[in-house]
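> pasting the sequence and the predicted model now:
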Amino acid sequence: MDNIKIAITKEQIAMLPPVIYDGGIQVVDTPEKARVALRELTRAQIVGFDTETRPSFTKGRTHKVALMQLATDDFCFLFRLNKLGFPDALKDFISDPAITKIGLSVHDDFKSISRSCEIDPHGFIELQDYTKQFCIADNSLQKIFAIVFGRCISKSQRLTNWEAPELTPHQQNYAAVDAWACLKLYRCLSSGNFNPADSPYIVVDNPDIAVNA
């Protein structure tokens, strides 16, 4: 497998069926909801992680992280940081090494969060690093998920207003899918249910080596 890599094109992704998320979603916008959510997440011991930030269309202008998503296998909690701030209990959760958090490009998330508060993250697994051992060359969540599961994650809500007074159902679903997908990918890869040699998206670096893709 040293001479191959796995990659997928945008055109190939567009031909795949969409991801269907049928788990539960809870918007967390009060301290009491946050306490309840964190109790449930702590019991899970391993969660998917992602964040969303209101897009800026002005050069040089940035916004604070508005949303943090933490997902179990069948439920996702959407922490509205623009309303909650960053509660101490959430900081403790993020810094707890005993709770495994699976995310993608997490250092970018940490950098964005650190603009508004100090955090000391521990227990994180970076999918962009983890997937390299499976010969996956792509780095985006959409592409990695498509390679492993043959499904397309829609990105249509990415540039919407994450600081809106209320999140739309489409925004909630989009946000939940991103965190849940990180956990689902890790579950599949770590359990040995993905064999790189069987992927239909193998790209041969050495043309003299034949690979049944």
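Perfect, I can see it now. Because the structure is a prediction, the values reported are computed rather than measured.

> right, and the helix or strand after the helix or strand harbouring L185?
Using DSSP states H and E, the element containing L185 is helix 169-190. Next helix or strand after helix 169-190 toward the C-terminus (DSSP H and E): strand 202-204.

> adjacent strands (with direction) for that following strand?
Strand 202-204 has the following strand partners under DSSP bridges: strand 4-6 (antiparallel).

> flag the shaky bits of this structure, pLDDT-wise.
1-2, 57-58, 60, 205-213 (pLDDT under 70).

> tell me the SS of M68?
Using DSSP: H, G, I helix; E, B strand; the rest coil, the secondary structure recorded for M68 is strand.

> who are the neighbours in contact with it?
Counting by Cβ atoms under 8 Å, 6 or more residues apart in numbering, M68 touches 49-51, 78-79, 81, 90. For glycine as for every other residue, the C-beta is placed from the backbone atoms N, C-alpha and C.

> which of these fall within helices?
When DSSP state H defines the helices, the subset of these inside them is 81, 90.

> show residues contacting stretch 149-166.
Here stretch 149-166 makes contact (Cβ under 8 Å, 6+ apart) with 13-14, 16-19, 52-55, 63, 66-67, 82, 141-142, 145-146, 168, 170-171, 174-175, 177-178, 181, 184-185, 188.

> okay, helices next: where are they in the protein?
Per DSSP H, the chain carries helices over the ranges 10-14, 31-44, 81-84, 88-95, 106-113, 127-130, 141-149, 169-190.

> how many other residues sit next to Q26?
Using other Cβ atoms under 10 Å, Q26 is surrounded by 16 other residues.

> redo the helices of the chain as TSV? Include mean neighbour count.
Compiled in TSV, the helices of the chain are given as follows (neighbours: other Cβ atoms under 10 Å):
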stretch	mean neighbour count
helix 10-14	12
helix 31-44	15
helix 81-84	18
helix 88-95	16
helix 106-113	16
helix 127-130	18
helix 141-149	23
helix 169-190	21
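
> ok, which of those comes nearest I25?
Closest approach to I25 among the helices of the chain is made by helix 169-190 (4.9 Å; Cβ to Cβ).

> chain center to the closest one: distance?
When distances are taken as Cα atoms, centre = their mean, to the nearest Å, helix 169-190 is centred 6 Å away from the chain's centroid.

> what helices and strands are in contact with it?
strand 24-28, strand 46-53, strand 65-71, strand 75-80, strand 100-103, helix 127-130, helix 141-149 (3 or more Cβ pairs under 8 Å, 6 or more residues apart in numbering; DSSP states H and E).

> restricting to C-alpha, output stretch 26-33 in PDB.
Coordinates of the C-alpha atoms in stretch 26-33 are reproduced here as PDB (Å, rounded to 0.1, in the frame of the first residue of the first chain):
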ATOM      1  CA  GLN A  26     -30.500  19.600  21.300                       C
ATOM      2  CA  VAL A  27     -29.800  23.400  21.100                       C
ATOM      3  CA  VAL A  28     -27.900  24.300  24.300                       C
ATOM      4  CA  ASP A  29     -28.400  28.000  25.000                       C
ATOM      5  CA  THR A  30     -28.800  28.200  28.800                       C
ATOM      6  CA  PRO A  31     -26.500  27.300  31.700                       C
ATOM      7  CA  GLU A  32     -28.900  24.600  32.900                       C
ATOM      8  CA  LYS A  33     -29.100  23.000  29.400                       C
END
